[in-house]
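J.: sequence and predicted structure, then a few things I'm wondering about:
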Amino acid sequence: VDGNDVQIVYYKETPSAGIRYSSVFNVMHVTEPLRRLIAEAEEELGIKITQAVVGMPKFPVRQESSKAELPDREEDSDITAEDIAFLKSLAEEAYPLGNPDKEAIYGAIAQSFSDGENFQIIENDIIGMTSSVLEGNFKIFIGKKSDLKKIDQVMNKVGITGTKKYFTADTTAKAVLTHSEMENGVALIDFGAGSTSVTIYQDNIMRHYASIPFGGKNITDDIKSECQISERLAENIKLAFGACMPDKLQSLSEKVIKIMSSDMEPEKKLPVKYLSEIITARVEEIIMAVLYEIWQSGFADSIRSGIVVTGGCAQIPNLGNFIYDISGYRARTGYAQNHFSHMGCDGMSETTATTSLGLLLAARDEIGNCACGEPVSEETETESAPAGMESIADKDAFEIFNSMPEAPKKTAEDSFYTSTDSQPEEAAQEEKEEEPIQTTIFRDDEIEKIEVVKKPKRKNPFKVIWTKIVEEAEGLYDNVNQDINE
């Protein structure tokens, strides 16, 4: 993490039978594949993972309204962001949960504020105003408390002690939607595997949230049931040939998929057009349920920027055109914006990664760079930092690097040099020319032994090519002189 720039160094997905409707259903079935993923990441990156950010379940979650007030403020005091955060905590505490043992508040989103004279003020406008009264209206999102406990159980079993939970409806929207879409009104549909959610934004505020327990897995189950094949094969067929609107498949509708079964079962044939009819029927059911939630929100006429679809099923061909035909809303596929650099990480540019990227974006803004420890304050900066290190992070890295023990140098016997006067001049010159590879900076208490890895000295390919060209040219010149003499 360098300021707002985040570089993703590892990304991998794996299916899990322990997840249902976006929540943990079976702790053991989630723990085993997650433990393997963490072990693979630690081995490949050479680090120890101790912290994680986790998304809260999308279903079942309901929203309620809550109010809070700060009546005893000083008359000439400015309203600050800390006042808004405190008012938000009051709204969460003041809402009476029906069953506190089974329910938990997943989050709260500010809707509007009042200073006693002006009403319907948004958060950005009220900060900086002076008033003796501060009132706020909030949307409270409530889910199952047991789902959060199961997340903690999984994290404890895999050895992750520090876990931060986020309500993914808000984090995913900030990773996918543009500022103009959130300001003018937009509906974000997160079309996942076990559930589908819709989040409505207007004036850069999340106004409504709803979710339904249907998603891409239902489409897979329909294909499996109709074709009498395994779930894994049905999923692969859906990803390879699945599409909406069978009448617009053109030449693809004439294709037939041949399914080679075992010797005990005859060969099956599945027309691509029939496959599209199966998918379209289920997609229509899900989209109609989402459109009903949009109508129930009261913001159906305020969605000027249309609909954005993200999640694993957002890449179904013709999905955007199908939504436009049945709703009249413009629809686009929601990919993550360019908040991150992820060269070499396959899958990060797909819609399946938007939830993960949204969690990283929220963690960057709230937690920062957890690998570098606490930033060094100006009072503790050292004067020995070389010129050019202007940022606090650079000076912090310089101090940590100076506190590291010197790495041993290779000798002729054990491939390490020792720092003696008898070292050959050529070896010393070669070591001087080599540049150390930049390593990851950790906190002082996490450093046990760090060796500066040397880059192997490589031959200059242009020098080699040029040498060969010169040799060939000299040989050709000698041959020409010999022919002239003859």
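T.: Now that the structure is in, tell me what you want to look at. As the structure is a computational prediction, the values presented were derived from the model and not from experiment.
J.: ok, for Leu70, nearest residue in space, not its chain neighbours?
T.: In this structure, Leu70 finds its nearest non-sequential neighbour in Leu134, 4.3 Å apart by C-beta to C-beta, 6 or more residues apart in numbering. Placement of C-beta: from N, CA and C, glycine included.
J.: look up how far Gly311 lies from that neighbour.
T.: Here Leu134 is placed at a distance of 38 Å from Gly311 (C-beta to C-beta, to the nearest Å).
J.: neighbour-wise, which of those two wins?
T.: Gly311 (26 against 22; other C-beta atoms under 10 Å).
J.: got a pLDDT number for the more buried one?
T.: We have a pLDDT of 95 for Gly311.
J.: for the residue nearest to Leu70, what are its contacts?
T.: Glu69, Leu70, Arg73, Ile79, Asp83, Leu87, Phe113, Ser114, Asp115, Ile126 (C-beta atoms under 8 Å, 6 or more residues apart in numbering).
J.: which stretch of helix or strand covers the spatially most central residue of the chain?
T.: Central residue of the chain (C-alpha atoms, centre = their mean): Leu357, 1.5 Å from the mean position. Following DSSP states H and E, one finds Leu357 within helix 354-366.
J.: what residues sit buried inside that helix?
T.: Thr354, Thr355, Ser356, Leu357, Gly358, Leu359, Leu360, Leu361, Ala362, Ala363, Arg364 (16 or more other C-beta atoms under 10 Å).
J.: likewise for stretch 261-273?
T.: Leu270, Val272, Lys273.
J.: secondary structure and pLDDT for those - can I get that in CSV?
T.: Putting these into CSV (DSSP: H, G, I helix; E, B strand; the rest coil; pLDDT from 0 to 100) gives the following:
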residue, secondary structure, pLDDT
Leu270, strand, 93
Val272, helix, 94
Lys273, helix, 94
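J.: as TSV, those with distance to Ile205 would be great.
T.: Shown next, in TSV, are the buried residues of stretch 261-273 (distance: C-beta to C-beta, whole Å):
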residue	distance to Ile205
Leu270	46
Val272	43
Lys273	44
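J.: can you list the residues that contact stretch 238-250?
T.: 216, 219-220, 223, 252-253, 255, 257, 272-277, 279-280, 283, 316-319, 321-322, 325.
J.: taking those, please make a ChimeraX selection of just the buried ones.
T.: Here is the ChimeraX command that selects the buried residues among the contacts of stretch 238-250 (16+ other C-beta under 10 Å):
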select :216,219,220,223,253,272,273,274,275,276,279,280,283,316,317,318,319,322
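J.: in strands only, show me the contacts of stretch 238-250.
T.: Counting by DSSP state E, the part of those found in strands is Ile257.
J.: show me which positions of stretch 7-20 end up buried.
T.: Applying 16+ other C-beta under 10 Å to stretch 7-20 flags Ile8, Ser16, Gly18, Ile19, Arg20 as buried.
J.: and of the residues you listed, the nearest to Val30?
T.: Of all those, Val30 sits closest to Gly18, with 3.7 Å by C-beta to C-beta.
J.: contact partners for that closest one?
T.: Counting by C-beta under 8 Å, 6+ apart, Gly18 has contacts Val24, Phe25, Asn26, Val27, Met28, His29, Val30, Thr31.
J.: any idea how far it is from Met260?
T.: Distance from Gly18 to Met260, by C-beta to C-beta: 31 Å.
J.: same question for Ile303.
T.: Using C-beta to C-beta, Ile303 is found at 47 Å from Met260.
J.: with Ser65 instead?
T.: On the measure of C-beta to C-beta, Ser65 and Met260 end up 57 Å apart.
J.: same question, Lys157
T.: 40 Å.
J.: the more surrounded of these two?
T.: The neighbour count for Lys157 versus Met260, taken as other C-beta under 10 Å, is higher for Lys157 (15 against 7).
J.: can you give me the end-to-end distance of stretch 60-78?
T.: End-to-end distance of stretch 60-78 (C-alpha to C-alpha, to the nearest Å): 39 Å.
J.: what's the offset of that stretch from the middle of its chain?
T.: Offset of stretch 60-78 from its chain centre (C-alpha atoms, centre = their mean, to the nearest Å): 31 Å.
J.: please pull out the lowest mean pLDDT helix or strand from this protein.
T.: Across the helices and strands of the chain, mean confidence by mean pLDDT, DSSP states H and E is lowest for helix 392-402: a mean of 41.
J.: so, low pLDDT: which residues of the stretch 151-300 of the chain?
T.: 262-263 (pLDDT under 70).
J.: tell me how far the nearest residue to Cys345 once chain neighbours are set aside lies from Tyr274.
T.: Closest residue to Cys345 apart from its sequence neighbours, by C-beta to C-beta, 6+ apart: Tyr11 at 4.2 Å. Distance from Tyr11 to Tyr274, counting by C-beta to C-beta: 35 Å.
J.: also Asp76?
T.: 73 Å.
J.: and Gly18, what pLDDT?
T.: Reported pLDDT for Gly18: 92.
J.: ok, Asn338 next?
T.: 81.
J.: now Ile441
T.: Looking at Ile441, its pLDDT is 34.
J.: related to what we said a few turns ago, tell me which of the buried residues of stretch 7-20 is nearest to Asn184?
T.: Distances from Asn184 to these, taken by C-beta to C-beta, are shortest for Ile8, at 30.2 Å.
J.: I'd say that closest one and Gly347 touch.
T.: No. Ile8 lies out of contact with Gly347 (C-beta atoms under 8 Å); the separation is 10.5 Å.
J.: ok, the nearest residue to Gly334 once chain neighbours are set aside - how many residues close by?
T.: Excluding the flanking residues, the one nearest Gly334 by C-beta to C-beta, 6+ apart is Thr310, at 3.5 Å. The local packing of Thr310 (other C-beta under 10 Å) involves 29 other residues.
J.: again with the one 4 residues further on
T.: Taking other C-beta under 10 Å as the neighbour definition, Ala314 ends up with a count of 25.
J.: hey, where'd the strands end up in the stretch 51-200 of the chain?
T.: 51-55, 62-70, 103-114, 134-144, 162-166, 186-191, 196-202 (DSSP state E, counting those that start in this stretch).
J.: direction included, what does the first one pair against?
T.: Each strand that pairs with strand 51-55, with its direction, by DSSP bridges: strand 162-166 (parallel).
J.: may I see the buried residues of the partner strand?
T.: In strand 162-166, counting by 16+ other C-beta under 10 Å, buried: Lys165, Tyr166.
J.: so how far is that strand from its chain's centroid?
T.: Distance, centroid of strand 162-166 to centroid of chain: 14 Å (C-alpha atoms, centre = their mean).
J.: isn't Ile259 up against Pro271?
T.: No. Using C-beta under 8 Å, Ile259 is not in contact with Pro271, being 11.8 Å away.
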